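Trainee: the following block contains a protein sequence and its predicted model.
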Amino acid sequence: MGESQKRSEGSRADNGSPKRRRHLDKTIYGLGIFLIVGLGIGLYCWNLMINMPGDNYGGRILPLTTSLQHREPNVKKHVTTLATDIGERNLAKYPQLIQAGQYIESEFKKYGYTPKRQTYKVGDKEVFNIEVEVLGTGKADEIIIIGAHYDTAEGTPGANDNGTGIALLLSLSEIFHSKFPKKTLRFVAFTNEEPPYFQDPQSMGSY
């Protein structure tokens, strides 16, 4: 048997050795565990982002009442102002973020509120939540918070996320300004909901 043939057969024997197979099995096992853990973390984070407390409404969607139909143009105006006139609004587009907050404040004032800012800093930039309140007549210390965020993900105009939410927030605040609920209603427009600030206790407005 030639020397080169012996080396070739020896190499094949090494490749199929129990030691090498055990090493390969460990590598595959470790990779599998890594993928399973990564998938689990990803699913957990996804559920954390989209899961809402309570039960979703599963009934029939009712037609708009006459009163709500009259509010439709105003709702469209809010979404158009935020998504088209102002557009992307976040710390990367800081002037637009401030402009959006000022627009929300001006709308609250139109409805008879005196909006309050919850101001804090992210880096060297000052950002703020905006809140107004309808004091409860019977259980004022029990507070229902109605909130929406006015910042957008980078590169998006934020019509659906979350211009529509702000439009609804403003409309509800207008409706309830002249009502006398038993519990206190607090309407809050939050800033910095979108990544990279999501779930950051120092940066996320609603944290």
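Mentor: Alright, I've got the coordinates.
Trainee: so is residue 117 in a helix, a strand, or just coil?
Mentor: strand (DSSP: H, G, I helix; E, B strand; the rest coil).
Trainee: now do it, the pLDDT please.
Mentor: Per-residue pLDDT puts residue 117 at 98.
Trainee: relative to residue 101, how far out is it?
Mentor: Applying CB to CB, to the nearest Å, the value for residue 117 to residue 101 is 8 Å. Backbone N, C-alpha and C define where each C-beta goes, glycine included.
Trainee: neighbour count winner among these two?
Mentor: Shown here are residue 117 and residue 101; by other CB atoms under 10 Å, residue 101 has more neighbours (21 against 13).
Trainee: hang on, the earlier thing: quickly list what's touching both of residue 117 and residue 101.
Mentor: When contacts are counted by CB atoms under 8 Å, 6 or more residues apart in numbering, residue 117 and residue 101 are jointly contacted by 128, 130.
Trainee: for the residue nearest to residue 96 when sequence neighbours are not counted, give its distance to residue 66.
Mentor: Distance criterion CB to CB, 6 or more residues apart in numbering; nearest residue to residue 96, sequence neighbours excluded, is residue 89 at 4.2 Å. From residue 89 across to residue 66, the span is 33 Å (CB to CB).
Trainee: with residue 193 instead?
Mentor: Distance, residue 193 to residue 66, by CB to CB: 34 Å.
Trainee: one more: residue 117?
Mentor: 36 Å.
Trainee: now do residue 138
Mentor: Residue 138 sits 29 Å away from residue 66, taking CB to CB as the criterion.
Trainee: who's more crowded, the two?
Mentor: Each of residue 138 and residue 66 has its neighbours counted (other CB under 10 Å); residue 138 has more, 9 against 6.
Trainee: thinking the more buried one is in contact with residue 182, fair?
Mentor: Yes: counting by CB atoms under 8 Å, residue 182 is a contact partner of residue 138 at 3.9 Å.
Trainee: so where's this protein uncertain?
Mentor: 1-16, 49, 52 (pLDDT under 70).
Trainee: quick check: residue 144 touching residue 185?
Mentor: Yes: counting by CB under 8 Å, residue 144 does reach residue 185; the two are 5.4 Å apart.
Trainee: tell me which of those two has more neighbours.
Mentor: residue 185 (19 against 12).
Trainee: distance from the chain centre to the longest helix seen in the chain, please.
Mentor: Counting residues, the longest helix in the chain under DSSP state H turns out to be helix 18-50. Distance of helix 18-50 from its chain centroid, counting by CA atoms, centre = their mean, to the nearest Å, is 28 Å.
Trainee: run a quick neighbour tally on residue 24.
Mentor: When neighbours are counted by other CB under 10 Å, residue 24 registers 11.
Trainee: kindly report the same for residue 73.
Mentor: As a burial measure, residue 73 scores 8 neighbours (other CB under 10 Å).
Trainee: now do residue 177
Mentor: 15.
Trainee: in this protein, what residue spans correspond to helices?
Mentor: Per DSSP H, the chain carries helices over the ranges 3-15, 18-50, 66-80, 94-110, 164-176.
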